[in-house]
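Chemist: The sequence and its predicted three-dimensional model are supplied below.
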Amino acid sequence: MITTVRQITVTALAFCIAGCANTTTVHIYAKYIPNEASINLRAALEEKGFAVETNTLDFPTTISRNTILHSLMLQDPDALQLVKQTAQNSGFKTTNIQALKEGNHWYTKNSIAIYPFPKDKQNSPLLKADLVREFETSSCGSTFKLNLLQNGAYEISGSTIAQEDPALLKGTWHYAQYPYMELRPYKGIGWSRYFEHRQMTTQDKVSQIKLIQLNPIEPHHVSKHCVYEFGTRM
């Protein structure tokens, strides 16, 4: 009788372990969505039987819309469609679904990742390509232009350039992590400056304007505390 009970216990434990091993884990990258939305999405996924982990890690800069990434070895063939439908029911319609890898983010066996963006699109991260523009200073004592080129170079121009600053006018720009952009001068200068980019919508007498702003984290030697802007009429 004791042997039988032990066998039943071991068998039940084996089934339990197997069931846990087959549970798909869903990772919610919740950095940009409100806490309430993150909690609701997690609860909806858990109700469907998924193991859910939430984090606030950075998104790869190549992701700019609701995205689902998944490993190639999903043990439940219906898991991907169920996650997509559950996310949509929670307000995050997803059309971008990719396998295995995006940027430096790798997913192991039987896991899915969701990158949801806020419904307020102006708070969504920008692609690097969105920053390839000529920005001008706004509400500033001096007028400067900052041209971010597609080849990764930058150029600053303006009418009030100090004699000691020409070496800082050209260099390379880097968008490694949302929402920060870095300027690095040429000629081996061990100096760089960071800008935080933001999106917003404003209004003038003609129409609404969608703005991209570059706000200096610390004063830039050339343009000081000036904020650079690029606007598109809507």
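Modeler: Good, I have the coordinates.

Chemist: If Q208 is in a bridge, with which residues?
Modeler: Using DSSP bridges, the bridge partners assigned to Q208 are Q203.

Chemist: isn't it right up against R233?
Modeler: Yes - using CB atoms under 8 Å, Q208 is in contact with R233, at 7.4 Å. No exception for glycine: its C-beta is placed from N, CA and C like everyone else's.

Chemist: burial count for L57?
Modeler: Using other CB atoms under 10 Å, L57 has 11 neighbouring residues.

Chemist: Any idea how many residues pack against S111?
Modeler: 19.

Chemist: Sorry, wrong one. I was asking about K187.
Modeler: With other CB under 10 Å as criterion, K187 counts 8.

Chemist: now swap in H197 and tell me
Modeler: 20.

Chemist: Next: E182.
Modeler: E182 has 17 nearby residues by other CB under 10 Å.

Chemist: For it, which residues are in contact?
Modeler: E182 is in contact with 173-176, 192-195, counting by CB atoms under 8 Å, 6 or more residues apart in numbering.

Chemist: Now the buried members of these.
Modeler: Among these, those buried by neighbour count (16 or more other CB atoms under 10 Å) are 173-175, 193, 195.

Chemist: farthest-separated two in these?
Modeler: The most widely separated members of the buried ones among the contacts of E182 are Y175 and R193, with 13.9 Å between them, by CB to CB.

Chemist: coming back round to it: closest to A30 out of the buried ones among the contacts of E182?
Modeler: Distances from A30 to these, taken by CB to CB, are shortest for Y175, at 21.9 Å.

Chemist: quick one: pLDDT of the nearest residue to that closest one once chain neighbours are set aside?
Modeler: Spatial nearest neighbour of Y175, excluding adjacent residues (CB to CB, 6 or more residues apart in numbering): K128 at 4.6 Å. Looking at K128, its pLDDT is 79.

Chemist: Pretty sure K128 sits against H174.
Modeler: No - with contact defined as CB under 8 Å, K128 does not count as touching H174 (9.3 Å).
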